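> A structural model of the following input is requested.
(chains A and B)
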Amino acid sequence: MEGGARTHTFMLPGKLRTCLSITCQILPFFPCSARLQGSLGLWKMYGEGFKQKVSFLIPECGLLPEVLKSTIADIGDYYLVRSLPIHELVAHEFIDAFVKKGSCYALTYKTKIDQDNTAALLPNGKLILSVDKDTYEELGLQGRPSRYSGKKVMRYSAEGSTLMSYFSKHQIQALRPKITFSTLRDLQCPVLQSNDLQGKPEESCSTEELFEWLGAVLNQVSLDNKSSSFLSTYCCPEPNTVVEKAFLCTITGFIIPEKIIQLLEQLCCYFGEPKLAYWLTLTVHGFADSPVSWRESEHGFHKGGENLYNFVIFRNLDYWLQMAVGAHDDCPP
Amino acid sequence: MAAAAFERRVLRRAAEHHYLRVRLELPDGGARPNAAQFKQLVVTALRELHGEVGAALPVDVLTYEEKSLSAILRVISSGLVKLWSALTLLGFYQNRRCAFRVLQVKPYISVSTCVIWQQ
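Below is the predicted model of the structure:
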């Protein structure tokens, strides 16, 4: 690709070595529940894209469960490469060394999807470029107008051929995802019935109430306000129970879907033995400024850049999958 | 084995509340408001633009960090435009110049700031 040399900083998750090619199309045998196995096949489609934060919450649990220790320990590094010209991404050596082995992701760093030129590399080798009008004309690539650029088309999406490069010549920095654990005491948790999405008064809470409550817990929002309180009247939805302790783990970094699938499988295995908890949750946040959300659907920021999904897994291995997108996104399939 | 039951619900623009992540800028570096003063400032902003009816709009300050002057506010969805416009047009706090920056607006609470680079 001639001309249009723009420097961008890229980051790459995972170790820069031959991966095990656990892509979303190849699901390892899942020993804990045949019932979930079929359902997870459906979720394989959604488990793609760029994820910046994963949290899981386990009520009635005070420490990191044994089944999860190895997965958490092996989350893997990601890499920050500075001042990398995009034209260097076209290199056969890199395609042979990394792209063909699978599970290679890259995303431009600190670029705003609605203002800056943004690029993303998917594990199938596609390079997605979201560029402004001037850059698009300079690049001379074939693309299409962005669906979310307003009445006057100012942004274009283009897909380049498979491309990768080595980055040793550039300033490359390995970063480890940040993992935090906390034990929440005396936490009010909504009562849920797995087969009742809408909830029943005085029997169970609805999916929307659970979703709102979970967001409050993950953001350390106080749950025991009174209706007469000046600052906030938010409180846990009814009916609820108070659990003595709940384990919350948060992983922040550039996390690949394969790791998330592993985490999900291990969380399902948590209920392989009798447990006090009725359910647990796994929440995955995508990047607000990613050019793609579900699969290769175009993503826009609009007012918030919403791009997340949440699993609620019940003791009987029923599950709820909640997916949230913004106004500048396709509805997930 | 019985076939698994499957139910799908799609909710569009059905959120009862909206959540705003905001930050107050006070460039003079003076004393920072505490949580109650911050809430009072939000109410004042609503009163200045929308009158007493606007000031009666229930707004919850879910979180407030005095150090960074950032907060998550919750408002009923029908009041979002009133609140957002009031915050945008507020210019003074106790005769000190100030400005509200509305960083994100979402129909649900979620973490928004990307901190993965701050290592």
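
> who in the stretch 51-200 of chain A is up against chain B?
Neighbours of chain B within the stretch 51-200 of chain A, by Cβ under 8 Å from any Cβ of the partner chain: A:52-53, A:80, A:109-110, A:175-178, A:195, A:197-198. (Each C-beta comes from the backbone N, C-alpha and C, glycine too.)

> and those residues, which are buried?
Neighbour counting with 16 or more other Cβ atoms under 10 Å in any protein chain shown marks A:52-53, A:80, A:109, A:175, A:177, A:197 as buried within these.

> circling back: and which of the residues of the stretch 51-200 of chain A next to chain B is nearest to residue A:272?
Nearest to residue A:272 among those: residue A:195, at 21.6 Å, using Cβ to Cβ.

> quick check, that closest one in contact with residue A:318.
Yes. At 7.0 Å, residue A:195 counts as touching residue A:318 under the criterion of Cβ atoms under 8 Å.

> got JSON lines for the residues of the stretch 51-200 of chain A next to chain B, with pLDDT too?
What follows is these, written out as JSON lines (pLDDT from 0 to 100):
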{"residue": "A:52", "pLDDT": "80"}
{"residue": "A:53", "pLDDT": "86"}
{"residue": "A:80", "pLDDT": "73"}
{"residue": "A:109", "pLDDT": "70"}
{"residue": "A:110", "pLDDT": "67"}
{"residue": "A:175", "pLDDT": "73"}
{"residue": "A:176", "pLDDT": "79"}
{"residue": "A:177", "pLDDT": "85"}
{"residue": "A:178", "pLDDT": "88"}
{"residue": "A:195", "pLDDT": "83"}
{"residue": "A:197", "pLDDT": "82"}
{"residue": "A:198", "pLDDT": "83"}
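
> count the neighbours of residue B:34 for me.
Each residue near residue B:34 was counted by other Cβ atoms under 10 Å in any protein chain shown, and the total is 11.

> can you show me the strands along the stretch 51-200 of chain A?
In the stretch 51-200 of chain A, the strands defined using DSSP state E, counting those that start in this stretch lie at A:51-59, A:78-85, A:106-108, A:118-121, A:127-132, A:143-145, A:155-160, A:171-175, A:178-190.

> between these, which one is nearest to residue A:273?
strand A:51-59 (13.1 Å).

> remind me, longest helix of chain B?
helix B:35-55 (DSSP state H).

> what comes up buried for it?
Result for helix B:35-55 [16+ other Cβ under 10 Å]: buried residues B:35, B:38-39, B:41-47, B:49-50, B:54-55.

> pass me the low-pLDDT residue ranges in the stretch 101-250 of chain A, would you?
Scanning the stretch 101-250 of chain A for pLDDT under 70 picks out A:101-104, A:110-116, A:136, A:139-174.

> quick one, helices of it?
Here the stretch 101-250 of chain A has its helices, by DSSP state H, counting those that start in this stretch, at A:133-139, A:207-218.

> quick check: closest non-adjacent residue to residue B:50.
If the residues on either side of it in the chain are set aside, residue B:50 comes closest to residue B:82, at 5.4 Å by Cβ to Cβ, 6 or more residues apart in numbering or on different chains.

> what's the neighbour count on the residue nearest to residue A:200 when sequence neighbours are not counted?
Setting aside the residues directly before and after it, residue A:200 is nearest to residue A:193 in space (Cβ to Cβ, 6+ apart), at 7.3 Å. By other Cβ under 10 Å, 15 other residues sit near residue A:193.

> isn't residue A:193 right up against residue A:206?
No. Taking contacts as Cβ under 8 Å, residue A:193 lies outside contact range of residue A:206: 10.1 Å.

> so for these two, which residues contact both of them?
Contact criterion Cβ atoms under 8 Å, 6 or more residues apart in numbering or on different chains; residues shared by residue A:193 and residue A:206: residue A:199.

> so, low pLDDT: which residues of chain B?
Checking chain B against pLDDT under 70 turns up B:1-7, B:9, B:11-14, B:110-119.
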